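**Student:** what follows is a predicted structure for the sequence shown.
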Amino acid sequence: MRLQSRSRPLGAVIVLVLVIIYLLPAGVLGSDVGNCLLCHKYPGLSRVDENAEMRLLYVNEEIFNNSVHGKVKCEGCHTDITKIPHEPVKPVDCLAVCHIIEPAEEQKFSHKSVEAFLEDSVHGKKDKNGNEKKYSEDMPTCKDCHDNPMFRPLAFVKKVRAGVAEDALGRCRVCHKKEEFIYRFYNHITTRLHKSRSPLNIAQSCARCHDDPKLVARHNLNTRAGFSYGDTYHGKAAKMLDETVPDCLDCHVPKGQSVHQMHGNDDPRATTHPENRGQICSSTDCHPGASVQFANYQVHSEFSKEKSPAVYWFTTFFYILTGGTLLPLMVIMFLDLLRRLFPNATFRRRK
Amino acid sequence: MKCLLTKLYIIAFMGLVAFFGILIWNLTFAHVIHEYHSRESDVPLHVNGEADKKEPRQQTFDKMILESEDRVKHYLGYRVLEEQRIEGHFHHIGFDVGPDNRSYCRSCHGDMPHDSVKDIRAFLNMHAFFVGCQTCHVKFKEDEITNVYKWYDRKTGEIVESPVNGAPPGTYNAKIIPFIRENGKIVRIDSEEKIQFANDYKAAEPDLSEGQKSKAKKLIHKIISKTPVTCEECHTKQKPTLPLAELGYPKTRIDSITSTEVVGMIKNYTQFHMPKMLNPGEATPPVSPPQQPEAPSVQH
């Protein structure tokens, strides 16, 4: 009898809890099944390690849930954590096989293929003979270019909420019932329909290495690429957050290929190889019909007398011409207004 | 009246002309002059990275300290996320908390002062983010105890209302500071006199003898107790050191702070990770195999 009287409310509670869990918004459940955020939600969770590197151990839950890795559990990447509290963790291997299932082939997901692309690219640590390149430690690893990628959803018409097309979501809801799935898929697909980062963010990312004078000198590069890009029309538009201008990847990655497949100018596979350069600008999306000469202009010429004397003197001439014309005009206008303000003023002594 | 308006119009027009004049100067001649000077002082690119005129030690300091912090804006279309960029940090921070301008401890010990106990230094730094140093590192004499703790604004140093309710845990722009009884009055422990003394010491330090430095440090650290307030003294349901309710913590947060989950975590740490940390001076108890809760297995 006592057992019965206890079990009934317990059963009701279980049902109630299950209902509440089912009704909870997806973000609440998130990927933190290990309750890692019990500690890692605090922004002050940090230390300076033995190599004097600052280690910030904070994870912003709201941003993480809106990132492309939002469904990956913490242990999915931090694979060496098997108990809580845990020991200091090893660096994450981005190429590890992940527990997420890739839907097309129903295989476990992995970024492993990126490794082969990167090793075969100009950013690989080894040359084509398999020998370690000079200054190979300068070559980028995943986290040098990538932080946790965020969704950049699109909405083309009837934007009620920025980045969300309610009409499109409505169409999804016809067949799909799980709100979290719909929202996530919408984000995933629309993010992939355009640049995953703004041209300015891409240029800044490349510039971290390519604008470092010491690195540029060590690798005998002839320009600070981000800096000189910023001086072009494209760079200036990118600074104004224009999304339609080409960034580094548009010119340096073959169309339709992984962005990790970048090759040096002397590699026949490179888009910037003299044989291929003409096709960069003349693509249908950019300047259809552009000639090879058009594409061969000095894209990365800096305003520098030593490196690009023609550009330097030409630009200087126009600076002087513009300033020399407009500044005297401003002076004349100012003096004219001054006279109107004081019509009878004079430096001469009145007799 | 008409004449006055005309004069005002002319003056405004003159201001506009002057503005455009300066703008044109900046875009033309000033740009050329700036380029000339920056070229004179720039690092030559073709000299294999050896041409930095700074002392090697200064170069190291610049690289490790000054260049290690950067800011970045992510343009996501529906929002712009601006944050500090920490090299090699994968997860986003998403917000900024200004430096604690009030704390005179921070000027020497930095924002991440805890370092000696490896297993819990990150936890202690996490608390230092919203708890003033004196809250844990000063144990009061009988006649000093007030049990009054308040929040102060990190930027202005002023006492402010509790920032806890509604804010994500630990993301406050304020820190907790204790109040003590001094000459019959209840005053905050980080008094203006103490701050001034520490600032005077910092300013005069290069000129002080070793003996004078030791004396000054001794005086600044005079109030610091040998043993800090322990984790269990706050993370307990039985009279926690900090009056959490008075500090504005809602009941749910108090329950969470003093929950079995948090207390159990501390227990795990104190028993298995650093048995001597919270009981310095005592012999280390024999370490039994840790019986920690296992993290959930990864589902494939």
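**Tutor:** Done, it's in.
**Student:** every contact and neighbour count from this point should use C-alpha atoms.
**Tutor:** Noted.
**Student:** show me which residues of the stretch 251-351 of chain A sit near chain B.
**Tutor:** Remark: the part of the stretch 251-351 of chain A in contact with chain B comprises A:304, A:316, A:319-320, A:322-323, A:326-327, A:330-331, A:333-334, A:337-338, A:340-341, using C-alpha under 8 Å from any C-alpha of the partner chain.
**Student:** relative to residue A:175, how far out is residue B:225?
**Tutor:** 66 Å (C-alpha to C-alpha, to the nearest Å).
**Student:** settle it for me: which of these two has more neighbours?
**Tutor:** Of the pair residue B:225 and residue A:175, residue B:225 is the one with more neighbours under other C-alpha atoms under 10 Å in any protein chain shown, namely 14 against 9.
**Student:** now the residue lying closest to residue A:122 once chain neighbours are set aside: which helix or strand?
**Tutor:** Counting by C-alpha to C-alpha, 6 or more residues apart in numbering or on different chains, residue A:122 lies nearest to residue A:263, which is 4.6 Å off, once chain neighbours are set aside. Using DSSP states H and E, residue A:263 sits in no helix or strand.
**Student:** show me the contacts for residue A:263.
**Tutor:** When the contact criterion is C-alpha atoms under 8 Å, 6 or more residues apart in numbering or on different chains, the partners of residue A:263 are A:121, A:122, A:123, A:252, A:269, A:270, A:271.
**Student:** greatest separation within those residues: which pair is it?
**Tutor:** Taking C-alpha to C-alpha, the two most distant members of the contacts of residue A:263 are A:123 and A:271; they sit 15.0 Å apart.
**Student:** for these two, indicate the residue with more neighbours.
**Tutor:** Taking other C-alpha under 10 Å, residue A:123 and residue A:271 do not tie; residue A:271 has more neighbours (24 against 21).
**Student:** test my guess that the more buried one contacts residue A:249.
**Tutor:** No: contact criterion C-alpha atoms under 8 Å: residue A:271 and residue A:249 do not qualify, at 10.4 Å.
**Student:** if we can go back for a sec, quick one: least confident of the residues of the stretch 251-351 of chain A next to chain B?
**Tutor:** For those, the least confident position by pLDDT is residue A:304, scoring 79.
**Student:** that one: how many residues sit nearby?
**Tutor:** When neighbours are counted by other C-alpha under 10 Å, residue A:304 registers 15.
**Student:** now do residue B:251
**Tutor:** For residue B:251, the tally of surrounding residues (other C-alpha under 10 Å) stands at 11.
**Student:** quick one: contacts for residue 80?
**Tutor:** Answering for chain A, as no chain was given. Residues counted as contacts of residue A:80 (C-alpha under 8 Å, 6+ apart) are A:89, A:90.
**Student:** wait, chain B
**Tutor:** Contacts for residue B:80 were tallied using C-alpha under 8 Å, 6+ apart; they are B:73, B:74.
**Student:** so how far is chain A from it?
**Tutor:** In this structure, residue B:80 and chain A are separated by 11 Å, where distance is defined by C-alpha to the nearest C-alpha, to the nearest Å.
**Student:** list the buried residues of stretch A:319-337.
**Tutor:** Residues A:319, A:322, A:323, A:326, A:327, A:330, A:333, A:334, A:337 are the ones in stretch A:319-337 that count as buried (16 or more other C-alpha atoms under 10 Å in any protein chain shown).
**Student:** in the stretch 251-351 of chain A, what residue is nearest chain B?
**Tutor:** Closest approach of the stretch 251-351 of chain A to chain B (C-alpha to the nearest C-alpha) occurs at residue A:319, with a separation of 4.8 Å.
**Student:** pretty sure that residue sits in a helix.
**Tutor:** Yes: counting by DSSP: H, G, I helix; E, B strand; the rest coil, residue A:319 is located in a helix.
**Student:** test my guess that it contacts residue B:28.
**Tutor:** Yes: proximity of residue A:319 to residue B:28 meets the contact threshold set by C-alpha under 8 Å, at 4.8 Å.
**Student:** residue ranges for the strands of chain A, please.
**Tutor:** For chain A, strands defined by DSSP state E occupy the ranges A:46-48, A:54-56, A:101-102, A:107-108.
**Student:** okay, now the residue of the stretch 101-250 of chain B found nearest chain A: neighbour count?
**Tutor:** Among the residues of the stretch 101-250 of chain B, residue B:126 lies nearest to chain A; the distance is 3.9 Å by C-alpha to the nearest C-alpha. Residue B:126 is flanked by 26 other residues according to other C-alpha under 10 Å.
**Student:** residue B:239 in helix, strand or coil?
**Tutor:** coil.
**Student:** stretch B:70-77 close to chain A?
**Tutor:** Yes: for stretch B:70-77, a contact with chain A is found by C-alpha under 8 Å from any C-alpha, at B:73, B:74, B:75, B:76, B:77.
**Student:** which stretches of the stretch 151-300 of chain B have low pLDDT?
**Tutor:** Judged by pLDDT under 70, the stretch 151-300 of chain B has its weakly predicted residues at B:268-300.
**Student:** how about the helices in it?
**Tutor:** With helices called from DSSP state H, counting those that start in this stretch, the stretch 151-300 of chain B shows them at B:192-204, B:210-220, B:231-234, B:251-257, B:260-268.
**Student:** the stretch 101-250 of chain A too?
**Tutor:** With DSSP H, counting those that start in this stretch, the ranges of helices along the stretch 101-250 of chain A come out as A:112-119, A:142-145, A:166-175, A:179-192, A:199-210, A:213-218, A:225-230, A:233-239, A:248-252.
**Student:** still on that earlier bit, ok, the residue nearest to residue A:122 to residue A:281 distance?
**Tutor:** Here the criterion is C-alpha to C-alpha. By it, residue A:263 lies 18 Å from residue A:281.
**Student:** in which helix or strand would I find residue B:150?
**Tutor:** Secondary structure here is read from DSSP H and E; on that basis residue B:150 sits in strand B:148-153.
**Student:** give me the sheet partners of that strand and which way each runs.
**Tutor:** Strand B:148-153 has the following strand partners under DSSP bridges: strand B:159-160 (antiparallel), strand B:174-182 (antiparallel).
**Student:** stretch A:282-292: end-to-end distance?
**Tutor:** Calculated as C-alpha to C-alpha, the first-to-last residue distance of stretch A:282-292 is 8 Å.
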